[in-house]
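J.: my questions are about this predicted structure, shown below with the sequence.
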Amino acid sequence: MIINEINKNILLEVGINAAKIAGKILKDGLGTQFSIKSKEGKHNLVTEFDFRSEKAIIDYIKANVPNSQFLAEESGKSGSNDNDTILWIVDPLDGTVNFAHNIPVFSVSIAATYKNEILAGVVYQPILDELFTATKSGGAFLNHKAIKVSHTENFEDAFFVTGFPYRKDAAKYNGAELFIDVVQKGIPIRRLGSAAMDLAYVAAGRFDGFWEEELNPWDVAAGVLLVNEAGGKVTQYDLSDYNVFNKTILSTNGILHNQVSQFLNKNNL
C-alpha cells in the first residue's frame, strides 16, 4: 500500500465527515437525559452518547475506507487483521465527565495512522463548531485556516494546561504538586478535561504548553499531529521521543520545551 498526498487528503476528509456526524450526535445529546456509568476509576465516566458517537464514526469510516482497523476508546481493537492497512484511533467523546455534567467542553478526536505513523488528524469541538485538522507534512488548520503555535519564550510568561489521572494509584509524576507549583509562581494554568482539546489549543497558540500522564492513544493521536504540524514539539517529560503509547506527554510551542521539561523533571525527582 502506497500512502501519498492524495491518500492523506482522502483520509482527512473521511475523518472530518465522521467527526461532524459524531459531533451532531453529541451536540443534540448535551443537556438531555441519558444513562451514565463508571469505568475504572470513580469519576471515569461513560455515557450512552460515547457509544452512539463511536458507532457512528466507525460505521462511516468502514463504509468509506474498507478494510480499516480501529482502536477506539469504548470498543477497543476491531476491524481488519491486515497489518498493511489504515488504523483509525478514535475517541468519540473526549471530555465525558464535562458532557455528563452538561458542561460544553468536549471534543471528538479521530486520527488515521499507517505503520505507526499518524497521517491525518481531526479534533472537533461541536458546540463552538471548531474543526482542527492536520495531515503529515501538510500543516495544521482551524476551520481551514492555517494555525501556528505561540512565540512565548519564557516559562514565567507562559499559559499552560494540564490534566490528572482518575485513578489515584496511576498518578506517579506528582501532577497535583506540579499544578500547585505553577499556580504559586503566579503563572496561569487550566484543566479543561479534554486532552484532545488541550493539544489542539497548543497547536492554535492558545496555550503555550501542555503536560499530562497516563493518557491513552485515542486521547492524543490527532492532537500530537496537530501540534507537530503547527510548528510545536511533543516528547515525554524527559525529552525522549514520544509515541501515543507512552505514559507521559509534554507538548509546547518548542521554544519553551526544555524549560518546561526541566520544571517537570525537577519536581519529579
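T.: Perfect, I can see it now. Note that this is a predicted model, so its numbers are computed, not measured.
J.: give the residue spans of the stretch 101-250 of the chain that score low on pLDDT.
T.: Scanning the stretch 101-250 of the chain for pLDDT under 70 picks out the ranges 167-171.
J.: all strands of it, in order?
T.: 107-114, 117-125, 130-135, 139-142, 145-146, 160-162, 189-190, 209-213, 233-235, 248-252 (DSSP state E, counting those that start in this stretch).
J.: can you list the strands that the third one pairs with?
T.: Pointing back at strand 130-135 there. strand 117-125 (antiparallel), strand 139-142 (antiparallel) (DSSP bridges).
J.: out of those, deepest packed?
T.: strand 117-125 (a mean of 26; mean count of other C-beta atoms under 10 Å). C-beta here means a position set from N, CA and C on the backbone, and glycine is covered the same way.
J.: other residues contacting it?
T.: With contacts defined as C-beta atoms under 8 Å, 6 or more residues apart in numbering, strand 117-125 is touched by 3, 7-9, 11-12, 15-16, 18-20, 22-23, 86, 106-113, 130-136, 196-197, 199-200, 221-226, 244.
J.: give me the distance from that strand to the chain's centre.
T.: Distance, stretch centre to chain centre, for strand 117-125: 9 Å (C-alpha atoms, centre = their mean, to the nearest Å).
J.: how about stretch 84-91?
T.: On C-alpha atoms, centre = their mean, the centre of stretch 84-91 falls 15 Å from the chain's centre.
J.: mind listing what's buried in that stretch?
T.: Neighbour counts using 16 or more other C-beta atoms under 10 Å place 85, 86, 87, 88, 89, 90, 91 of stretch 84-91 among the buried residues.
J.: give me the contacts around it.
T.: Applying C-beta under 8 Å, 6+ apart, the contact partners of stretch 84-91 are 1, 11, 15, 54, 57-58, 61, 65, 67-73, 79, 107-114, 119, 196, 217-219, 221-222, 244.
J.: try 6 Å this time
T.: Stretch 84-91 has contacts (C-beta atoms under 6 Å, 6 or more residues apart in numbering) with 1, 57, 61, 67-73, 109-114, 217-219, 221.
J.: show me what contacts the residue nearest to the spatial centre of the chain?
T.: Closest to where the C-alpha atoms of the chain average out (C-alpha atoms, centre = their mean) is residue 196, at 2.4 Å. Residue 196 is in contact with 94, 107, 109, 123, 223, counting by C-beta under 6 Å, 6+ apart.
J.: show me what the top helix by length along the chain is packed against.
T.: Counting residues, the longest helix found in the chain (DSSP state H) is helix 5-29. The contact analysis (3 or more C-beta pairs under 6 Å, 6 or more residues apart in numbering; DSSP states H and E) places helix 5-29 against helix 48-64, strand 107-114, strand 117-125.
J.: in it, what's buried?
T.: Using 16+ other C-beta under 10 Å as the test for burial, helix 5-29 gives 7-8, 11-12, 14-23, 25-26, 29.
J.: just among the contacts of residue 196, which is most surrounded?
T.: Highest neighbour count within the contacts of residue 196, by other C-beta atoms under 10 Å: residue 223, with 35 neighbours.
J.: hmm, it is touching residue 198, no?
T.: No - contact between residue 223 and residue 198 fails when scored by C-beta atoms under 6 Å: they sit 7.2 Å apart.
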